[in-house]
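In: fold the following for me, if possible:
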Amino acid sequence: QVQLVESGGGLVQAGGSLSLSCAASGSIFSIIAMGWYRQAPGKQRELVATISSRGSTVYADSVKGRFAISRDNAKNTVYLQMNTLNPEDTAVYYCNAVQMRLDITYNYWGQGTQVTVSS
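Out: Numbering: from 1, shown residues only. Modelled structure (predicted):
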């Protein structure tokens, strides 16, 4: 089992910045990727950004150029720097970790942290 603890988030005005962090603990071997997803009210959960164990990144088109994902392998922590926020970024942000064990993929989720962008 992998436990994910998120921190950061909160309320910010449009155009502002916030940063999120997510620390992984437990059976953290063979984590092949970590990332962030978000879910706005009445909408499905969507990918924000992911980063592989090798450092390859994927971003949603809506956040490219504004958000940056990074990870500190020594601390088993992934970060999301969010700049130029707009009200459409308002959502609950969830940390995700993907673990591969015996060719089976396991997904783990954090509890979620609220990000609210006021106009």
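
In: which element follows the longest strand seen in the chain toward the C-terminus?
Out: Across the chain, the longest stretch assigned as strand under DSSP state E is strand 91-101. Following strand 91-101 in sequence order, the next helix or strand is strand 104-109 (DSSP states H and E).

In: okay, buried residues for the next helix or strand along the chain from that next one please.
Out: Next helix or strand after strand 104-109 toward the C-terminus (DSSP H and E): strand 113-118. Neighbour counts over strand 113-118 (16 or more other CB atoms under 10 Å) mark 113, 115, 117 as buried. In this view, the C-beta of every residue, glycine as well, is placed from N, C-alpha and C.

In: closest to residue 8 among those residues?
Out: residue 113 (6.3 Å; CB to CB).

In: from residue 53, how far off is that closest one?
Out: Residue 113 sits 23 Å away from residue 53 when distances are taken as CB to CB, to the nearest Å.
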